[in-house]
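In: can't give you the sequence, but here's the structure:
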């Protein structure tokens, strides 16, 4: 007798295309049925039927906080400490500018080369634009701790490396940064919904993350933003707007920030996209995050084990599953062409220059059976062609 | 024989609720049928069916430029000079920060008391955060020209006052600002789709505007951003992100801005909301903007004429239709209660503290007949109650 699979229930909540093994949920999560149904309702009944009254009668005005509350459980945030709105880049800008303002006199934003390029762009331009001598310093992931000197205002890291899946020790690095007098800004883009996160337990200062990867909120879904309760009363992001005002409907000319987390909001959020994210998060109700992590490890370990020993693949992820997120990457010199061949066979992963083929494992809908099948197809693809032939050369240049 | 009504065709493209006369399209435009249909397609076929491949195969990646091109015609922008993404506040922040950087040595952001409060908040926080002595100076609308001194880096104005409908002379003020060495940042939230705008003809520098008012893109629809072609190569907003990089898919660590207008983009835009806006803009195909303006004036003049002479209403908008946008406001000491009574009768306008009742006229779907009916219902509401009785007092405090 086999124990029932707790994730068969959640898989059935998604509309997955026939004939596809989807291992790219860390780029864009698939469509939850609830999101499709909610959007149809929001468009026809709320927008179409209520018109402007939807802000109050359909509760649009509270969506950033309501969606934030759903996300809070997944990332171990205190009640009321998360808002959903804007893009990850915009939220990172808000968090980072607030962090710098809380550490006057310090001039360094410390990050690592495993961070998302876009996070580095945000930090670089913010540092330049402030005109106060701030610099972005980017070090190797394993040297972050040593680089925490007395000039570091903010340690800005992505917990799980988007290419390799390598996971930082959030609690240890947060403690180390705070001991050095710095604030932390964590990007949870490849963490939220992929593994349990404990922001409160780690004592993190600020965090941001993505709505469209493991949270399945749809393409370009609004992102989220966290500030520790102890910082909310003094956090002052450089980017403000009416949604962050203490009295947004008084339309007074002077900016007075809201007392709590609302001050991290700016302009009007995209309600259609935010509603889809809200509905997508319903899938998480009743999901045990420890079980999610166990399933994630079972999936990635099964994939690695099936391919281990192949001389044409180099594991780019940590071998120890505790040290990685919910994804596995291999290096292959013709990675781009290999991934194209895989996609043609119905296995959708991703390629990251120069030579990484990347596979994300989403426990909500990926099954051990399809992961085993994906590994078998990858082996077949690798065995079927002489990948060292010249015609495959230079295809690795993705545009 | 009556000439055919060119706007009967466009009205039929909207799904308007029965029994409602909707005069609040300047807060939230109604649902275009095409937006509902497009969203259903984007969700089921593109997100659900294509998954990550939607970025290329459904053209999501080009949506900010494609939607921008649709808007460009409505605001007289040069080809390629408009992008749709983010909120109006975020776009204003980008434009204003870029303008300030182009005028080093100058420290004043000049605006007026007729601007949106949220625009003033954005400017105030940006000025403070830069830490370089920038100040936001807010003067009365009629004194803007006199306040243009040699310290003004950016003149930031909303063309049409959201409360009164009073319209600035964009061409004259732009010329005057530039003669004083300043750059202009225009907010077109109550202009785009309400009346013809000629950014290129006026020589405007930067502009932003709203997707959910007269453009009917849905609640919180992405906003738009314009930079004059002559400024695009040097504009450097403080807020950056991967979508504004010269090679966004190379994932290189250093930020290199795109050569053209793309550099004004930041993070990933909300594709569902942006797709709804794209479809909503199809309604504008074939619409003659001079005819739109003529219809707008006919609607607002009909409304004013029907109510002129009432001693209990004070016109808060310019009496000359050439000097206002596509909206009319009256002052009434019990404006809040009057508007509630109107809404209960099916006439949806808006209230703005302390005493303004506001009516927006959208030529795409409002008809002369319903505007006449709305005026008659307003007169009935005003005649039906003793509005100076104490029980109506102090209701004007909206929350």
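Out: Noted; the coordinates are in hand. Worth saying up front: this structure is predicted, and the values here are computed from it rather than measured.
In: do I have it right that residue A:123 meets residue A:109?
Out: Yes: counting by CB atoms under 8 Å, residue A:123 does reach residue A:109; the two are 4.8 Å apart. Placement of C-beta: from N, CA and C, glycine included.
In: tell me if the longest strand seen in chain A is near chain B.
Out: The residue-count maximum for a strand in chain A (DSSP state E) belongs to strand A:152-158. No: against chain B, strand A:152-158 shows no contacts by CB under 8 Å from any CB of the partner chain, the least distance being 12.9 Å.
In: repeat that for stretch A:343-360.
Out: Yes: against chain B, stretch A:343-360 shows contacts by CB under 8 Å from any CB at A:348, A:350, A:352-353.
In: with pLDDT and secondary structure added, can I get the residues you listed in a markdown table?
Out: Converted to a markdown table, the residues of stretch A:343-360 next to chain B look like this (pLDDT from 0 to 100; DSSP: H, G, I helix; E, B strand; the rest coil):
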| residue | pLDDT | secondary structure |
| --- | --- | --- |
| A:348 | 98 | strand |
| A:350 | 95 | strand |
| A:352 | 91 | strand |
| A:353 | 88 | coil |
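In: JSON lines for these, including neighbour count?
Out: Listed next are these as JSON lines, based on neighbours: other CB atoms under 10 Å in any protein chain shown:
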{"residue": "A:348", "neighbour count": "23"}
{"residue": "A:350", "neighbour count": "21"}
{"residue": "A:352", "neighbour count": "19"}
{"residue": "A:353", "neighbour count": "15"}
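In: about what we covered before: okay, now the sheet partners of the longest strand of chain A, with direction.
Out: strand A:108-112 (parallel), strand A:183-187 (parallel) (DSSP bridges).
In: now that strand, how far from the centre of its chain.
Out: On the basis of CA atoms, centre = their mean, to the nearest Å, strand A:152-158 is displaced by 17 Å from the centre of the chain it belongs to.
In: helix or strand right after that strand?
Out: helix A:170-179 (DSSP states H and E).
In: rewinding a little: can you say which of the strands paired with strand A:152-158 is nearest to residue A:211?
Out: strand A:183-187 (13.0 Å; CB to CB).
In: quick one, what contacts the residue nearest in space to the middle of chain A?
Out: Closest to where the C-alpha atoms of chain A average out (CA atoms, centre = their mean) is residue A:189, at 1.3 Å. The contact partners of residue A:189, taken as CB atoms under 8 Å, 6 or more residues apart in numbering or on different chains, are A:88, A:116, A:158, A:160, A:162, A:208-210, A:213.
In: switch the cut-off to 10 Å
Out: Neighbour list for residue A:189: A:26, A:88, A:92, A:116, A:118-119, A:158-160, A:162, A:208-215, A:223 [criterion: CB atoms under 10 Å, 6 or more residues apart in numbering or on different chains].
In: hang on, residue A:326 packs against residue A:196?
Out: No: in terms of CB atoms under 10 Å, residue A:326 does not count as a neighbour of residue A:196; the distance is 11.0 Å.
In: intersection of neighbour lists for these two?
Out: Joint contacts of residue A:326 and residue A:196 (CB under 10 Å, 6+ apart) are A:292-293, A:296.
In: flag the shaky bits of the stretch 251-399 of chain A, pLDDT-wise.
Out: Within the stretch 251-399 of chain A, the ranges that satisfy pLDDT under 70 run A:388-399.
In: on that earlier part again, would you indicate which residues of the longest strand of chain A are buried?
Out: A:152-158 (16 or more other CB atoms under 10 Å in any protein chain shown).
In: and of those, the nearest to residue B:284?
Out: The closest of the buried residues of strand A:152-158 to residue B:284 turns out to be residue A:158 (CB to CB; 41.1 Å).
In: next one: the closest one from chain B, what distance?
Out: In this view, residue A:158 and chain B are 13 Å apart by CB to the nearest CB, to the nearest Å.
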